[in-house]
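**Student:** next comes the sequence, and after it the predicted model I'd like to discuss.
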Amino acid sequence: MLTKAIHFTKQTKNDYLLSLASLFGVSSSDEAIRNAVSVYGYDARRLTQGNDLYRDLNALENEHIQVGGEKTLLVSRKQLMQKAVSKEYMKFLKIARIAFAENEYATDLLMLEGIRERTFNKWFSQVMVFVNNLLNHPELMSAMGEYGVKNIHIEKLKAEVENLSDLIQQCNKIANKHKQLTQKKQKQTIKVQAWVSDYIKIARIALEDQPQHLEKMGIKSPGVGRPRGRKRKSDMSTANPAS
């Protein structure tokens, strides 16, 4: 398991990625900066390695946002569907309790007594036992028919419950994918931060006498704008983009 390579400060994901894009863009396009850092080992090949790390992080961030949006939509659909299906099921359950109040066999067969389960899998089992046993026993459906409940109503409820089960599986699948992307993004962020931290330290050495180039890269030169003796705040090399 990776651990944090550097101390973090607060910075939004978007601001951090924009800072990185600017840093790598200036580092590769400005000849004076390229020449200065290349003396200390940061040649074109090494800068490309850092830029590739940033690009991978940016791609993960975009995919994370996309999958997160899909997850939100699916969860919203699931909540609405589950509320509607539960309402329909409870309506038929109440009717069945009236229709079979004196029928112990039907009461047991349809699981009419007791509370409804709160976890989906157990609740799903209760509903499927109810609808399947009604549909498989014409005499029970006949009794429900005395209260206006027909086969088509129970068949529709069964189809809706099965559709809800499929939707919940989709929600679980995309939730796992979103979680995996979050973990990959966190690990990639640590890699990028470690690389950028070292690079900025070298850039400060290479461009010590050219603070204007450091400013162009988005790096504050040591000692600029702070009282002597006060600890310098971290810049983007120690940024902590929110997860």
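**Tutor:** That came in fine, so what should we check first?
**Student:** tell me which element the closest residue to residue 188 other than its chain neighbours is part of?
**Tutor:** Of all residues not flanking residue 188 in the chain, residue 57 sits nearest, at 4.6 Å (C-beta to C-beta, 6 or more residues apart in numbering). Bear in mind the C-beta positions are built from the backbone N, C-alpha and C, glycine included. Assessed by DSSP states H and E, residue 57 sits inside helix 44-99.
**Student:** got a list of what the residue positioned nearest the centre of the chain touches?
**Tutor:** Nearest to the mean C-alpha position of the chain, by C-alpha atoms, centre = their mean, lies residue 178 at 3.7 Å. Listed by C-beta atoms under 8 Å, 6 or more residues apart in numbering, the contact set of residue 178 reads 64, 67, 68, 71.
**Student:** where does it land on pLDDT?
**Tutor:** Reading off the confidence values, residue 178 has pLDDT 97.
**Student:** show the backbone phi and psi for it.
**Tutor:** phi -60, psi -40 (degrees, to the nearest 10).
**Student:** one more: residue 207?
**Tutor:** The phi/psi pair for residue 207 (degrees, to the nearest 10) is phi -110, psi 30.
**Student:** hang on, it packs against residue 216?
**Tutor:** No - Residue 207 sits out of contact with residue 216 when judged by C-beta atoms under 8 Å, with a separation of 9.4 Å.
**Student:** between the two, which has more neighbouring residues?
**Tutor:** residue 207 (21 against 17; other C-beta atoms under 10 Å).
**Student:** noted, bye for now.
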